[in-house]
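S.K.: with the sequence up front, the predicted model follows.
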Amino acid sequence: MTPEQRAGWALRIRAAALDWGVGFAASQEIDREGILPATRLAALRAIQALASAGLLQHLLLDYLILPAVDLPQTALVKGDARSLSIAAASVLAKTARDALLCEMDARYPGYHFAAHKGYGTPAHQQALLELGPCLIHRATFAPVRERLLQASR
C-alpha cells in the first residue's frame, strides 16, 4: 500500500474496530533487551492500550507468542497475509509509527525521518555520517554502531 492508501485504511479500521491499540518500544529498550523482547513489550503495550483488555479471550498474532500474557494465543507465520485482523493491526501500527517519525523529524531536524520513516536509505546514512546518531537511533543497529565507533576514535 502507498502511504496515502494506508492512511485511508487506518481511518476505516479505527472507525469499524470494536477496539484497537498501538504500542511502541523505545530505541533504548531495543538496545538493552534486544529486538524480539522489545517487540513483545510493544505488543503488550498495545494490549494494555485496549479499553477491552480485560475481555480478551484469545490472541491472534503475527509470528510471535507473548509468554507474559495468560491467554490462548495463535501465532501465524506471515499473519498479515493470512488474517484480516492482523493485516488491519499492521496498518494501524505502520501509520502510528510513520506519524511518530514525522514528529521526530521536527524534533531532530536534518535526519529527514518524515521522508524515509527511519529506513536506512542513502539519505539517512548520509545524515548519520554528517550529524552522528541522535537519541532515537538504536546504538546496536550496525550503521549507527559503526558511526559511534568512528566518532570515538
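M.R.: Noted; the coordinates are in hand.

S.K.: quick check: longest helix in this structure by residues?
M.R.: Counting by DSSP state H, the longest helix found in the chain is helix 84-107.

S.K.: who's in contact with the helix or strand hosting Leu41?
M.R.: Here Leu41 is covered by helix 35-48, with elements defined by DSSP states H and E. The contact list for helix 35-48 (C-beta atoms under 8 Å, 6 or more residues apart in numbering) reads 21-25, 29-30, 33, 53, 56, 59, 61, 64, 66-69, 89, 93. Placement of C-beta: from N, CA and C, glycine included.

S.K.: what's around Leu56, how many residues?
M.R.: Residues lying near Leu56 (other C-beta atoms under 10 Å) number 13.

S.K.: whoops, I mixed them up, Ala81
M.R.: When neighbours are defined as other C-beta under 10 Å, Ala81 has 11 of them.

S.K.: what does the one 5 residues further on give?
M.R.: Around Ile86 sit 18 other residues, with neighbours defined as other C-beta under 10 Å.

S.K.: keep only those of the contacts of helix 35-48 that are in strands.
M.R.: Of the contacts of helix 35-48, the ones assigned to strands by DSSP state E are 59, 61.

S.K.: who touches the residue lying closest to Ala7 once chain neighbours are set aside in this structure?
M.R.: Nearest residue to Ala7 in three dimensions, chain neighbours excluded: Thr95, at 6.0 Å (C-beta to C-beta, 6 or more residues apart in numbering). Residues near Thr95 by C-beta under 8 Å, 6+ apart: 6-7, 10.
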